[in-house]
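Undergrad: Sequence unavailable; structure follows:
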């Protein structure tokens, strides 16, 4: 009867955005005591990761173009177990894929970490908003100078000075940004994964960021 009605399913087949699969022991992670499906925190993080890489959502967010998920992470069972071994998962932290290796495009068990939103937004790229000048720099037409500014998690940008060249303005931003990143790293030291702390302390802002 179950076979005929389709209530028996192959849980190793990719049913989440054509890539993710629940796994054969899914009842341990996905089913409540009364037999109903429960969208756990692990599942929501996992499904969101799959969605960003394999749904039409990446058309709206170009930073996810060419992003992919490792074979192990395509399994919800594996991801569930991995999550619960990671520093910060028990907090309201975000899953990050490109802090440990800058520019990384693969959600991989050895490359992903959980970070607080403050850190996640600290190093995000936003090419669409920045325009033609390097990050942290804009041109002031009235004074005909390049202005450097930095956002230190405030509503208003902090002014860093006016410069004759794009390179000098960016250098001012680079120094200020890297110093601020180190401040944030110290703030979260002992709370985040040690790999996160080390990555922040060694982080280099580049003109292509």
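TA: All right, it came through fine. It should be emphasised that the depicted structure is a prediction, and the values quoted were computed from it without experimental measurement. Numbering: from 1, shown residues only.

Undergrad: mind listing the helices for the protein?
TA: Secondary structure of the chain, counting by DSSP state H: helices at 2-5, 27-30, 41-54, 76-83, 117-122, 127-130, 166-188, 194-201.

Undergrad: Count the neighbours of the nearest residue to residue 160 once chain neighbours are set aside for me.
TA: Among residues not flanking residue 160 along the chain, residue 148 sits closest, at 4.0 Å (CB to CB, 6 or more residues apart in numbering). No exception for glycine: its C-beta is placed from N, CA and C like everyone else's. Per other CB atoms under 10 Å, the neighbour tally for residue 148 reads 27.

Undergrad: Touching, residue 148 and residue 170? I think so.
TA: Yes - between residue 148 and residue 170 there is a contact at 7.1 Å, judged by CB atoms under 8 Å.

Undergrad: Quick check: which of the helices of the chain is nearest to residue 99?
TA: Nearest of these to residue 99, taken as CB to CB: helix 194-201 at 5.1 Å.

Undergrad: which residues are in contact with the closest one?
TA: Outside helix 194-201, the residues that touch it by CB atoms under 8 Å, 6 or more residues apart in numbering are 99, 100, 113, 115, 119, 181, 182, 184, 185, 188, 189.

Undergrad: let's see it at 10 Å
TA: Helix 194-201 is contacted from outside by 87-88, 93, 96, 98-102, 111, 113-116, 119, 122-123, 178, 181-193, using CB atoms under 10 Å, 6 or more residues apart in numbering.

Undergrad: what angle separates that helix from helix 166-188?
TA: Computed by axes from the mean of the first three to the mean of the last three CA atoms, to 10 degrees, the angle separating helix 194-201 from helix 166-188 equals 150 degrees.

Undergrad: for the helices of the chain, which one sits closest to residue 14?
TA: If we rank the helices of the chain by CB to CB, the stretch that ends up nearest is helix 41-54, at 9.2 Å.

Undergrad: Just give the nearest non-adjacent residue to the residue nearest the centre of the chain, would you?
TA: The residue lying closest to the centre of the chain (CA atoms, centre = their mean) is residue 96, at 3.4 Å. Nearest residue to residue 96 in three dimensions, chain neighbours excluded: residue 115, at 4.8 Å (CB to CB, 6+ apart).

Undergrad: and if you look at residue 134?
TA: Closest to residue 134 by CB to CB, 6+ apart is residue 170, at 4.4 Å.

Undergrad: And for residue 120?
TA: residue 94 (4.4 Å).

Undergrad: Please apply the same query to residue 78.
TA: residue 72 (4.8 Å).
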